[in-house]
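1. here is my input, please return the structure:
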Amino acid sequence: MDTPELWQFTSSHFNEKARWALDFKRVPHIRHSLIPGFHVPVIKRMTGKTHVPVLKLNGAAISDSSKIIEALERAYPEPALYPADPDERRRALELQDYFDEELGPYIRRWIFYVILPYPQFVRAAFVSHASPAAQLAQGAMSPLIGVIMRRQMNINPATAEIARNKTLAAMDRLEHEVRPSGYLVSDRFTVADLTAAALLSPLVRPPEFPYKAAGPLPEPLAKIRDSVSTHRAFRWTLETYRQHRGESAEVATQANVSRIKTDANRTANTGS
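-> Residues are numbered from 1 along each chain as shown. Predicted coordinates for the structure are as follows:
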């Protein structure tokens, strides 16, 4: 079996969801960290689409974090993220779908609305892993990239307010769903817990998140984080990361490092 390969953005919450599943299952894998915008030709060649994460597993390129976890459950069943009990499994998958649809897109829109006026912070979060040439190219194009992101993600004051309300509603739902055990389903960590915690990570910013942005948070984001820091969902996310995030299972090979640099330089030079 070939070593699985994950194509990712370092700071994306849906990418963190797939990455966490690989690490939780202790699956040795190679990571290809791409630059938003410049990633399009690379991913489109693989899947015909443009979104990450993408996992190459047993010759297949799998996109969508939930489908990636489903494939990992089949290929690496232990430790399981899906409960064995049918009713508990149904509940875990329903909660995964809820947070995927009702939290993931909205917290992303809200956070980007807040941080896009701070291009240096965005660059540190998404591009610090790349070669100097690629970082320069992204810096030069950051105003254009910001315009494109606002258009593609429908980011404006009105939609940001909707996104804020949806995020807070999802946090309230999480608070309601947590069982006496501290988990969302029964008495153990499942795909539901992983999904909710990973998708809240851009706001909560737990210390165990594997990629740290250099420098302080932009003041508006710091204020938002402080305003929700006493919410049970916020504290639950911190505790879930502390207990279950664990160490990386990434395989750091020289071939992988060279390939990442080549991809970054190619996209920086072509811009397509």
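
2. right, and Leu174 touches Arg235 too?
-> No. Counting by CB atoms under 8 Å, Leu174 stays clear of Arg235, with 10.9 Å between them. All C-beta spots, glycine's among them, are computed from the backbone N, C-alpha and C.

3. pick out whichever of these two has more residues nearby.
-> Legend: neighbour count by other CB atoms under 10 Å for Leu174 and Arg235, higher for Leu174 (26 against 13).

4. check which helix or strand that one maps to.
-> According to DSSP states H and E, Leu174 maps onto helix 157-177.

5. list phi and psi for the residue lying closest to Ser181 once chain neighbours are set aside.
-> Nearest residue to Ser181, sequence neighbours excluded (CB to CB, 6 or more residues apart in numbering): Asp187, at 4.0 Å. Dihedral angles of Asp187 (phi, psi; degrees, to the nearest 10) stand at phi -120, psi 30.

6. what is the burial count for Asp187?
-> For Asp187, using other CB under 10 Å, the count is 10.

7. may I see the buried residues of stretch 28-42?
-> Within stretch 28-42, the residues scored as buried using 16 or more other CB atoms under 10 Å are 29-39, 42.

8. now, which of those residues lie within helices?
-> Those of the buried residues of stretch 28-42 mapping onto helices are Val42, per DSSP state H.

9. all strands of the stretch 101-250 of the chain, in order?
-> Secondary structure of the stretch 101-250 of the chain (DSSP state E, counting those that start in this stretch): no strands present.

10. helices of that one, residue ranges please.
-> Under the criterion DSSP state H, counting those that start in this stretch, the stretch 101-250 of the chain contains helices at 104-115, 119-127, 132-152, 157-177, 191-204, 219-228, 232-244.

11. contact partners for Glu250?
-> Glu250 makes contacts with 23, 28-31, as judged by CB atoms under 8 Å, 6 or more residues apart in numbering.

12. Serialize the residues you listed to CSV and add fields for distance to Ser12 and pLDDT.
-> Shown next, in CSV, are the contacts of Glu250 (distance: CB to CB, whole Å; pLDDT from 0 to 100):
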residue, distance to Ser12, pLDDT
Asp23, 15, 98
Pro28, 22, 97
His29, 17, 97
Ile30, 18, 97
Arg31, 13, 94
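
13. and the residues you listed as JSON lines, adding distance to Leu199?
-> Below are the contacts of Glu250 laid out as JSON lines (distance: CB to CB, whole Å):
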{"residue": "Asp23", "distance to Leu199": "16"}
{"residue": "Pro28", "distance to Leu199": "25"}
{"residue": "His29", "distance to Leu199": "21"}
{"residue": "Ile30", "distance to Leu199": "24"}
{"residue": "Arg31", "distance to Leu199": "20"}
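
14. taking these, tell me the two that lie furthest apart.
-> Farthest-apart pair in the contacts of Glu250 is Asp23 and Ile30; separation 13.3 Å (CB to CB).

15. low-confidence ranges, this structure, go.
-> Scanning the chain for pLDDT under 70 picks out the ranges 1, 128-148, 214, 253-272.

16. kindly report the domain assignment for it.
-> The chain breaks down by automatic domain parsing into domains covering 5-81+248-270, 86-244.

17. ok, the residue nearest to Ser181 touching Glu88?
-> No. Using CB under 8 Å, Asp187 is not in contact with Glu88, being 10.0 Å away.

18. before we move on, back to that, the helix holding Leu174 - contacts with which helices or strands?
-> For helix 157-177, the packing partners by 3 or more CB pairs under 8 Å, 6 or more residues apart in numbering; DSSP states H and E come out as helix 86-102, helix 104-115, helix 191-204, helix 232-244.

19. many thanks, we can stop here.
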